[in-house]
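> Give me the fold of what follows.
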Amino acid sequence: MHQQKKAPRYQEGQGQQLAPGESPGAEPMTAAQASYLKSLAEEVHEPGAYQQGLSKREASRRINVLMEKARLGDLPPHTD
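Here you go, the predicted structure:
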């Protein structure tokens, strides 16, 4: 039986040196993340999802959640 090798996944902070006590994802969100998060939050009518001062990791998580909500909102309703 032949197994395929999975490519390593990129993780935030990978390859970067962290200061003692610093954890990956603790960096503040980027300007691009802030802008995209704010736009998505407005698009799905959840302005509270955008907050200043989020970490990169939390901003990324919220972006993913809002992207899924936007995608689900674009789907046609199910009919039986």
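> got the buried residues for the top helix by length along the chain?
Ranked by number of residues, the top helix in the chain under DSSP state H is helix 56-74. If you call a residue buried by 16 or more other Cβ atoms under 10 Å, then helix 56-74 has these buried ones: Lys56, Arg57, Glu58, Ala59, Ser60, Arg62, Ile63, Leu66, Lys69. For every residue, glycine as well, the C-beta is placed using N, CA and C.
> correct me, but the fourth one touches Ala31?
Spelled out, it's Ala59. No. Under the criterion of Cβ atoms under 8 Å, Ala59 makes no contact with Ala31, lying 10.8 Å away.
> Helix or strand: which one has His78?
Assigning secondary structure by DSSP states H and E places His78 outside every helix and strand.
> burial of it, as a residue count?
5 (other Cβ atoms under 10 Å).
> Please save the CA atoms from the least confident helix or strand in the chain by mean pLDDT in CSV.
The weakest-scoring helix or strand in the chain, judged by mean pLDDT, DSSP states H and E, is helix 56-74 (a mean of 92). What follows is helix 56-74, C-alpha atoms only, in CSV (Å, rounded to 0.1, in the frame of the first residue of the first chain):
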residue,chain,number,x,y,z
LYS,A,56,-2.8,38.1,14.1
ARG,A,57,-4.1,34.7,15.2
GLU,A,58,-7.4,36.0,16.5
ALA,A,59,-7.9,38.2,13.4
SER,A,60,-7.2,35.2,11.2
ARG,A,61,-9.7,33.1,13.1
ARG,A,62,-12.4,35.8,12.9
ILE,A,63,-11.7,36.3,9.2
ASN,A,64,-12.2,32.6,8.6
VAL,A,65,-15.5,32.5,10.5
LEU,A,66,-16.9,35.6,8.7
MET,A,67,-15.8,34.2,5.3
GLU,A,68,-17.7,31.0,6.0
LYS,A,69,-20.8,33.1,7.0
ALA,A,70,-20.5,35.1,3.8
ARG,A,71,-20.2,32.0,1.7
LEU,A,72,-23.2,30.4,3.4
GLY,A,73,-25.2,33.6,2.8
ASP,A,74,-24.4,33.3,-0.9
